[in-house]
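Asker: A predicted structure for the sequence below; I have some questions about it.
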Amino acid sequence: MLFRARQHQFSFPGSAVVMGILNLTPDSFHDGGRWQEQGAAIEHALAMVEEGAGIIDVGGESTRPGAAPVPEAEELRRVLPVIKELAGRCRVPISIDTMKPGVAKAALEAGASVVNDVASNRGDEEMWKLVARSGAGYVCMHMQGVPATMQRQPVYDDVCAAVGAFFRERMVCLNRCGVEADQVIFDPGIGFGKTAEHNLSLLGALQRFVALGRPVLVGVSRKSFLGQFVRQPAGSRLPAGLACACAAVAAGVKFIRTHDVAETVQAIRAMEAISVHGGSEWLT
């Protein structure tokens, strides 16, 4: 299986890839405001690459529950200088985490190679046509509603069936717009319009999404639903996030999005070493 993002590609079977989070926002739930200064953001991104990140995911608009939308001009002001600088210094692909086609287009022109689209539930095709024209990779994420309201009593008859049907339907739309299958990653959207119980159901059913034939990405790093089980604030949820990441890789997930790159890389590589020596099929 292949994932292609412009000049970059990832082939599987093979090791899972860690996507390092670079939030350039004042209000993200875990690290809002920490990396707003350009120099600090660049150094943090490069440090994550040295720690083993295979992709750097740059975001200029918080998508935490209840977050207010950011004007396009402000989002561009936050992300473009960092992406331009990283494109000349970073050996791994840069992903732009955005819902706006205009921001995605500018980011791709600045050197990004992947569009991480939490609004894959959109009704228009502008973003998908941009991805097709550019040859960028595309993270197709499931979300019920929009970030500002998504956690107001989300309801599903069967959350796993709904997410699987969403991926199949979106792939038809993407193909119709000219996006090839090998440009696409599926993300079940843990925490995006889901209760804690929904999130656990999705984590327990990851093999169903892996079976759809595209790489799957999971992001649970520091998320609030973990706090319901471990009774810890966001800054103390690393062990719970690592447990979820390892379970995801064991289920066949190939991309893990995280704030904690070094720790996540260590945990995943240890699992993979055990897999090789134990005859497991985790790496397939």
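Answerer: That came in fine, so what should we check first?
Asker: Just the buried residues of the helix or strand of the chain with the lowest mean pLDDT, please?
Answerer: Least confident element among the helices and strands of the chain, by mean pLDDT, DSSP states H and E: helix 224-230 (a mean of 76). Neighbour counts using 16 or more other Cβ atoms under 10 Å place Ser224, Phe225, Leu226, Gly227 of helix 224-230 among the buried residues. (Glycine included, C-beta is placed from N, CA and C.)
Asker: just checking, what packs against the following helix or strand past it?
Answerer: Using DSSP states H and E, the next helix or strand after helix 224-230 towards the C-terminus is helix 238-250. On a contact count with 3 or more Cβ pairs under 8 Å, 6 or more residues apart in numbering; DSSP states H and E, helix 238-250 meets helix 196-204, strand 217-219, helix 224-230, strand 255-258, helix 261-278.
Asker: tell me, which of those is the model least confident about?
Answerer: Mean pLDDT per stretch puts helix 224-230 lowest among these, at a mean of 76.
Asker: contact partners of that one?
Answerer: Residues external to helix 224-230 that are found in contact with it (Cβ atoms under 8 Å, 6 or more residues apart in numbering): 29, 65, 190-191, 194-196, 199-200, 220, 232-234, 236-237, 239-241, 244.
Asker: hang on, the earlier thing: rebuild the buried residues of helix 224-230 as CSV, extending it with distance to Glu180.
Answerer: Formatted as CSV, the buried residues of helix 224-230 follow (distance: Cβ to Cβ, whole Å):
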residue, distance to Glu180
Ser224, 35
Phe225, 34
Leu226, 35
Gly227, 39
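Asker: which residues of the stretch 1-150 of the chain score low on pLDDT?
Answerer: 27-36 (pLDDT under 70).
Asker: what about the strands in it?
Answerer: 2-5, 8-11, 17-23, 55-59, 94-97, 114-117, 137-141 (DSSP state E, counting those that start in this stretch).
Asker: Figure out which of those strands is closest to Val79.
Answerer: Between Val79 and the strands of the stretch 1-150 of the chain, the tightest spacing by Cβ to Cβ is seen for strand 55-59, at 5.5 Å.
Asker: Buried ones in that closest one, by neighbour count?
Answerer: Along strand 55-59, these residues count as buried under the neighbour rule (16+ other Cβ under 10 Å): Ile55, Ile56, Asp57, Val58, Gly59.
Asker: now swap in stretch 98-117 and tell me
Answerer: 98-101, 103-108, 110-117.
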